[in-house]
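Engineer: here is a sequence with its predicted model. Questions after.
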Amino acid sequence: MALPHPETYLTGCWEERNWRNVPGPFYGAETDNCWSGRMAAPDHVLYDDMTGQEFVYRQPRNAVEVDRLLFAAWTDPLSGYGWDGDQHWTADLVRSWWHERSRLREWATSLHTAWSANSDEIYQELSAGLNDLLAYLDGELETDLRVYLYWLHERRSPDLNEVLPRL
């Protein structure tokens, strides 16, 4: 299925973005609360527990992942996803986000405890998603953010032998 041009549905407002979004071009802002984003992009989307709104916990790294995230955004009836993060994130903001990631970890850990105790299938799936987020925070996220810092400075992806900026 061919999606319309992203400008027609990626209309989220940077100022309204969910604080749980990881730095990168895509983010969830004032999205719906139908819990549908994970159906399209389970490796990228989670829901907050206050409003049920969607946020991007892992930025896509290849065309297939971008397509999945775009489909999740397209299915959002409020068009609350944004794709202009590169215009707003700076190296200082990314580093600040990284140094304050404990807030996200505490939130995810607490919610995982609550949701994993619920036997309903949807909460079990969401709990698994929170496990993915926590593993990502402890694993590949640091390198992904260093690559993103490189992108913000150079406006290109680094070659394999290039030194990445520090967080």
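Structural biologist: Structure received.
Engineer: the chain: helices as residue ranges?
Structural biologist: Taking DSSP state H, the helices of the chain run over residues 37-40, 63-74, 91-99, 102-116, 121-138, 141-154.
Engineer: need these in JSON lines with mean pLDDT, can you?
Structural biologist: Compiled in JSON lines, the helices of the chain are given as follows (pLDDT from 0 to 100):
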{"stretch": "helix 37-40", "mean pLDDT": "94"}
{"stretch": "helix 63-74", "mean pLDDT": "97"}
{"stretch": "helix 91-99", "mean pLDDT": "98"}
{"stretch": "helix 102-116", "mean pLDDT": "97"}
{"stretch": "helix 121-138", "mean pLDDT": "96"}
{"stretch": "helix 141-154", "mean pLDDT": "98"}
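Engineer: so which of those comes closest to Glu7?
Structural biologist: Relative to Glu7, the nearest member of the helices of the chain by CB to CB is helix 63-74, separated by 11.5 Å. In this view, the C-beta of every residue, glycine as well, is placed from N, C-alpha and C.
Engineer: okay, the helices of the chain in TSV with mean neighbour count and distance to Val22 next?
Structural biologist: Output for the helices of the chain, formatted as TSV (neighbours: other CB atoms under 10 Å; distance: least, CB to CB, whole Å):
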stretch	mean neighbour count	distance to Val22
helix 37-40	20	15
helix 63-74	18	12
helix 91-99	14	8
helix 102-116	15	8
helix 121-138	16	8
helix 141-154	18	7
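Engineer: how about the ones you listed in JSON lines, adding distance to Cys13?
Structural biologist: As requested, those are arranged in JSON lines below (distance: least, CB to CB, whole Å):
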{"stretch": "helix 37-40", "distance to Cys13": "17"}
{"stretch": "helix 63-74", "distance to Cys13": "14"}
{"stretch": "helix 91-99", "distance to Cys13": "17"}
{"stretch": "helix 102-116", "distance to Cys13": "21"}
{"stretch": "helix 121-138", "distance to Cys13": "24"}
{"stretch": "helix 141-154", "distance to Cys13": "21"}
